[in-house]
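**Q** sequence and predicted structure below; questions after.
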Amino acid sequence: MDFAQADAVNRAIRLIGMKHRGRAGAALAALGLHPGQEVFLLELDAHGARTQTQLAAGLGCEPPSVTLMAQKLEAAGLVVRRGAPSDGRLTVVELTEEGRALVVRLKEIWRRLAETTVAGLEFTSLERLREVLDDLAHSLHGAKQ
């Protein structure tokens, strides 16, 4: 890959990330959420109560980040944290009723964000886009050398 190609790839990925994060941030603000908190809540919705260690693995982030996010979401009444019955050293995080109700609204906002993001595609099908994005994500995570 020459510099011009590398520059085009890097600029496109940077622009996509910035634009999507900005749109997501504005959409999430309507729910009182900040970017990153939505995936935390969606992870709990998809998998049920999880330890903070399991959440960190599922979210692909460090445990201290999960702890901080859990504290903020607990203060907002969206999750509850408690010691694991099998091991008191572990902290289990679970959605509250308020959190479950918010997830319903969150999913609708998340769906609309995706729809508006791809609405202007002219040459790429949604299925092909998902394949390329999955391939890129795996490449970035070191799955391919």
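**A** Now that the structure is in, tell me what you want to look at.

**Q** just the buried residues of the longest helix along the chain, please?
**A** Longest helix in the chain, counting residues (DSSP state H): helix 3-29. Across helix 3-29, burial judged by 16 or more other Cβ atoms under 10 Å covers 24, 27-28. (Glycine included, C-beta is placed from N, CA and C.)

**Q** just checking, what packs against that helix?
**A** helix 37-47, helix 97-118 (3 or more Cβ pairs under 8 Å, 6 or more residues apart in numbering; DSSP states H and E).

**Q** hmm, who's touching stretch 59-73?
**A** Residues outside stretch 59-73 that contact it (Cβ atoms under 8 Å, 6 or more residues apart in numbering): 36-37, 39-41, 43, 52-53, 55-56, 79, 81, 91, 93, 99, 141.

**Q** can you rerun that using 7 Å?
**A** With contacts defined as Cβ atoms under 7 Å, 6 or more residues apart in numbering, stretch 59-73 is touched by 36-37, 39-40, 43, 52-53, 55-56, 79, 81, 93.

**Q** list the contacts of the residue most central in space within the chain.
**A** In the chain, the residue lying closest to the centroid (Cα atoms, centre = their mean) is residue 39, at 3.2 Å. By Cβ under 7 Å, 6+ apart, the residues touching residue 39 are residue 59.

**Q** distance of it relative to residue 85?
**A** 26 Å (Cβ to Cβ, to the nearest Å).

**Q** name the SS class of residue 122, please.
**A** With DSSP: H, G, I helix; E, B strand; the rest coil as the basis, residue 122 sits in coil.

**Q** what's it sitting at in phi/psi?
**A** phi -110, psi -30 (degrees, to the nearest 10).

**Q** what about it, how many residues nearby?
**A** Neighbourhood size, residue 122 [other Cβ atoms under 10 Å]: 4.
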